[in-house]
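Enquirer: Here is the input, now give the coordinates:
(chains A and B)
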Amino acid sequence: MQDYRPAKLLRLHFTERDRYRGKPLYEAIVEKCQELKIAGATVFRGLEGFGDTAEIHRSHLLTHDLPIVIQIVDSAENIARLLPAVEEMMDKGLIALSDVQVLRIQKGSSTSV
Amino acid sequence: MLEKGSAKKVIIYLNEDTQYHLSPLYESILSFLVHKGVAGATVTRAVAGFGAHKVMHTPKVEALSEHLPLRIEFIESAAKVDELLPTLYDMVTDGVIEIQDTTVVKVAMKEKRQPAERAAHERKAGKAKLMRIFLGEADRWNGEPLYDSIVKRLRMMDISGATVYRGILGYGVKGHTHKSNLLHTNRDLPIMISVIETDDKLRKAAEAVEEMIGDGLIVISDVDIVRLVRSRPDA
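Expert: Next up is the predicted model:
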């Protein structure tokens, strides 16, 4: 466990329908993360959920409005750099931040790019 | 009930027709083992063999067909074997007793009956650790999907649970973006496995996972758990 170093885990909750300048908000946020050289970001789509507006987000035949969670793990400084940008991009939703211990594994340079 | 880990395997070789107090010796040994609460024992009849008497035991000769070699084997903890051995030593008047070191990998027992009704649940709260493992869907380990292998490994380690999530978009260590398309034909989306366990068990799980992952990220955080346990009604 000695190789684990402290870091921050950022979770952003919003919905699939949220958009930012014409594209899905989750795509825009992932692009912003790449632009700011954040170590990584992963987007998950939930099956069902509800939030502040108590509106149930669920898959309908024609509309897609499912819950989205983006998980981002990086150093406290990098997360601090990212937060203002994300706050500006999100109209509504939830931002959760927690302390974590992280081990990054990178064994050799694999052939896949 | 046998436990996982190192144990002893006892094998007793004897003749089918060896008697012990007017009943076949193997029957007496089996009843003794049952009486002592041994986890399980198996008697197998051999096809042919020979022993100290240099007599061929074979079913080909009708007169000898009741004289075939038998093999009784059972697995128990070292302490239990020590307890049983003096009696077995005494009982086996004609045969061989052998003990081997062995490792119990799995002890599984099917429930004999379904619980009749849902029992009231018990609420267990406490501190625990949450581990998130980030990897790619296309990552493989010995020819099978890595996430599959990790879940199987964790299960073997008696980790209480693991859940695999598939992301729809992401990037990370390898730098390339994993993006889903409509029919999920690319099959290289981000995968996250989450595991919740007590501190020491999670530490062992993290070490095992660390060895299996080529490129990835392990994230550990403190959590408070509220676990609902349904107690089984007593049979």
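
Enquirer: Residue nearest the middle of chain A, spatially speaking?
Expert: Nearest residue to the geometric centre of chain A (C-alpha atoms, centre = their mean): A:I70, 2.2 Å.

Enquirer: so what's that one closest to, chain neighbours aside?
Expert: Nearest residue to A:I70, sequence neighbours excluded (C-beta to C-beta, 6 or more residues apart in numbering or on different chains): A:L12, at 4.4 Å. (Each C-beta comes from the backbone N, C-alpha and C, glycine too.)

Enquirer: Any buried residues in the helix or strand hosting the one you found, and which?
Expert: A:L12 belongs to strand A:5-15 when assigned by DSSP states H and E. Going by neighbour count (16 or more other C-beta atoms under 10 Å in any protein chain shown), the buried part of strand A:5-15 is A:A7, A:K8, A:L9, A:L10, A:L12, A:H13, A:F14, A:T15.

Enquirer: likewise stretch A:64-84?
Expert: Neighbour-count burial for stretch A:64-84, counted by 16+ other C-beta under 10 Å, picks out A:L66, A:P67, A:I68, A:V69, A:I70, A:Q71, A:I72, A:V73, A:D74, A:N78, A:I79, A:L82.

Enquirer: where exactly do the helices run in the chain?
Expert: Let's take chain A. Under the criterion DSSP state H, chain A contains helices at A:25-35, A:76-89.

Enquirer: that answer is for a different chain, and I need it for chain B
Expert: B:25-35, B:78-91, B:146-156, B:199-212.

Enquirer: how about those in a markdown table, adding distance to A:Y26, mean neighbour count and mean pLDDT?
Expert: Putting the helices of chain B into a markdown table (distance: least, C-beta to C-beta, whole Å; neighbours: other C-beta atoms under 10 Å in any protein chain shown; pLDDT from 0 to 100) gives the following:
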| stretch | distance to A:Y26 | mean neighbour count | mean pLDDT |
| --- | --- | --- | --- |
| helix B:25-35 | 63 | 16 | 92 |
| helix B:78-91 | 57 | 13 | 92 |
| helix B:146-156 | 22 | 18 | 92 |
| helix B:199-212 | 27 | 16 | 93 |
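
Enquirer: can you list the ones you listed in JSON lines and add distance to chain A?
Expert: Converted to JSON lines, those look like this (distance: least, C-beta to the nearest C-beta, whole Å):
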{"stretch": "helix B:25-35", "distance to chain A": "44"}
{"stretch": "helix B:78-91", "distance to chain A": "32"}
{"stretch": "helix B:146-156", "distance to chain A": "12"}
{"stretch": "helix B:199-212", "distance to chain A": "6"}
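
Enquirer: Redo those helices as CSV? Include distance to B:I168.
Expert: Formatted as CSV, the helices of chain B follow (distance: least, C-beta to C-beta, whole Å):
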stretch, distance to B:I168
helix B:25-35, 57
helix B:78-91, 53
helix B:146-156, 16
helix B:199-212, 23
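
Enquirer: So for A:A96, which of those helices sits nearest?
Expert: Closest approach to A:A96 among the helices of chain B is made by helix B:199-212 (21.2 Å; C-beta to C-beta).

Enquirer: ok so, going back, with respect to pLDDT, which of the buried residues of stretch A:64-84 ranks lowest?
Expert: Scanning those for pLDDT, the smallest score is found at A:L66, 84.

Enquirer: ok, back up a step: how far does the strand holding A:L12 sit from its chain's centre?
Expert: Mean-position distance between strand A:5-15 and its chain equals 7 Å (C-alpha atoms, centre = their mean, to the nearest Å).

Enquirer: which non-adjacent residue is nearest the spatially most central residue of chain B?
Expert: Nearest to the mean C-alpha position of chain B, counting by C-alpha atoms, centre = their mean, stands B:K106 at 0.9 Å. Take B:K106 and drop its neighbours on the chain: the residue closest to it by C-beta to C-beta, 6+ apart is B:K4, 7.2 Å away.

Enquirer: repeat for B:M1
Expert: B:M1 sits nearest to B:A39 (C-beta to C-beta, 6+ apart), 6.5 Å away.

Enquirer: hey, which helix or strand in chain B has the poorest pLDDT?
Expert: For chain B, the helix or strand with the lowest mean confidence is strand B:178-179, at a mean of 68 (criterion: mean pLDDT, DSSP states H and E).

Enquirer: returning to that earlier point: right, and the helices of chain B - which one's nearest B:I191?
Expert: If you check each of the helices of chain B against B:I191 by C-beta to C-beta, helix B:146-156 wins as the nearest, at 4.9 Å.

Enquirer: That closest one packs against which elements?
Expert: Helix B:146-156 sits against strand B:121-136, strand B:140-141, strand B:162-171, strand B:190-197, helix B:199-212, with contacts defined as 3 or more C-beta pairs under 8 Å, 6 or more residues apart in numbering or on different chains; DSSP states H and E.

Enquirer: Any residue of the third one touching chain A?
Expert: Yes: Strand B:162-171 reaches chain A (C-beta under 8 Å from any C-beta of the partner chain) through B:Y165, B:R166, B:G167, B:I168, B:L169, B:G170, B:Y171.

Enquirer: What count of nearby residues applies to the one residue in chain A that gets nearest to chain B?
Expert: Proximity of chain A to chain B (C-beta to the nearest C-beta) peaks at A:G40, 3.3 Å away. Look at A:G40: counted by other C-beta atoms under 10 Å in any protein chain shown, it has 22 neighbours.
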